[in-house]
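[1] Quick one, fold the following:
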Amino acid sequence: MTTDSEPIANALLRSLLESPLLIDDLPEAPSLSRSHLALPNPIPALNLQQKLGHLYEDALAILLRESPTLDLLEENLQIRKDIHTTVGELDFLLREKSTGNLIHLELATKFYLSVNTPDGLTLPGPDARDNYHRKLTRLRNHQLTLSSRFQDHLPETYRNESIETKQLIYGCLFDHIHADQLADPKFISPTCRRGRWLHQHELSSYFPKETQFHLIPKHLWPVPFDLLTDIPLESWQPNEPIDRCLMIYAGDDPAPYFIAPDSYPKFNS
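    Modelled structure (predicted):
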């Protein structure tokens, strides 16, 4: 389904422009200055019925096409060693208008929950098969190095040009409600968006009985709450059984919450 709801599309696009980054610069790639991005007028429709990563790639492409300083050359550019072997794809290939330089841009939108275990701190995603450290390792060792390691397999137009790699990594880090201190994993931005998480059985002892809960649909997970004021949210009852992590707006608390099944971080195979 494609939505023509301007408040939703506007919130998604503005979150890419304004939301704190989860990760700032990495050794392999600095973050792209968002001064390059621009809002379109009018705001176009967006397809919300797709994976979150694809939705935000579509949204970022809209901002890149409006850029006064960048030309968007390629999206999801597959790199093939041969007709049978694809080694990866570049999210975006851009050209800086003032210099003519090429930029390989990678986008990620991720969420992680800080979980203390007997072996130390771990950072699974809402789907516990995801993990911050594994994602970061793959990003640094594979995705951000594709354009340099496999430049000879790019379209001929770009093979002999210097390519700089940059990234934009959005998301939120959630600490447990009873955590003694905030998680501070390597490369997390000190100004990143932060929230809290708890198991469903902890709701009644943590929140006042009269607390009103509202469900944040997945396509709005990356959007700071101050950008959601014009968007109606579905109410949620804390006794509704859940089998996955839900993002919740609780009362007037400005922080997002993940409500996790009591079995979390185990996952269903």
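[2] Tell me who's in contact with residue 204.
    residue 238 (CB atoms under 8 Å, 6 or more residues apart in numbering). No exception for glycine: its C-beta is placed from N, CA and C like everyone else's.
[3] Can I take it that it is in a strand?
    No: assignment of residue 204 by DSSP: H, G, I helix; E, B strand; the rest coil gives helix, placing it outside any strand.
[4] Tell me how far it lies from residue 198.
    11 Å (CB to CB, to the nearest Å).
[5] same check, this time on residue 104
    Separation of residue 104 from residue 198 (CB to CB): 39 Å.
[6] which of the two has more neighbours?
    Neighbours of residue 104 and residue 198, each counted by other CB atoms under 10 Å, are more numerous for residue 104; the result is 26 against 21.
[7] what's downstream of the helix or strand of the chain with the lowest mean pLDDT, the next helix or strand?
    The helix or strand of the chain with the poorest confidence is strand 2-3; it has a mean of 46 (mean pLDDT, DSSP states H and E). Heading C-terminal from strand 2-3, the first helix or strand you meet, by DSSP states H and E, is helix 6-18.
[8] Can you list the buried residues in that following helix?
    Within helix 6-18, the residues that qualify as buried by neighbour count (16 or more other CB atoms under 10 Å) are 8, 9, 10, 11, 12, 13, 14, 15, 16.
[9] Which one of those residues is nearest to residue 221?
    The shortest approach to residue 221 among these belongs to residue 15, at 9.7 Å (CB to CB).
[10] Please verify my assumption that the closest one contacts residue 227.
    Yes: using CB atoms under 8 Å, residue 15 is in contact with residue 227, at 5.9 Å.
[11] low pLDDT regions in this protein?
    1-4, 267-269 (pLDDT under 70).
[12] Next, residue 167: secondary structure please.
    Going by three-state DSSP: residue 167 is strand.
[13] Show the contacting residues for it.
    Residue 167 neighbours (CB under 8 Å, 6+ apart): 23, 26, 29, 30, 31, 32, 105, 106, 107, 108, 139, 144.
[14] In JSON lines: the residues you listed, plus secondary structure, neighbour count and distance to residue 115.
    Output for the contacts of residue 167, formatted as JSON lines (DSSP: H, G, I helix; E, B strand; the rest coil; neighbours: other CB atoms under 10 Å; distance: CB to CB, whole Å):
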{"residue": "23", "secondary structure": "strand", "neighbour count": "23", "distance to residue 115": "20"}
{"residue": "26", "secondary structure": "strand", "neighbour count": "18", "distance to residue 115": "24"}
{"residue": "29", "secondary structure": "strand", "neighbour count": "24", "distance to residue 115": "28"}
{"residue": "30", "secondary structure": "coil", "neighbour count": "13", "distance to residue 115": "30"}
{"residue": "31", "secondary structure": "strand", "neighbour count": "16", "distance to residue 115": "27"}
{"residue": "32", "secondary structure": "coil", "neighbour count": "23", "distance to residue 115": "31"}
{"residue": "105", "secondary structure": "strand", "neighbour count": "23", "distance to residue 115": "31"}
{"residue": "106", "secondary structure": "strand", "neighbour count": "22", "distance to residue 115": "27"}
{"residue": "107", "secondary structure": "strand", "neighbour count": "18", "distance to residue 115": "26"}
{"residue": "108", "secondary structure": "strand", "neighbour count": "19", "distance to residue 115": "21"}
{"residue": "139", "secondary structure": "helix", "neighbour count": "21", "distance to residue 115": "21"}
{"residue": "144", "secondary structure": "helix", "neighbour count": "19", "distance to residue 115": "27"}
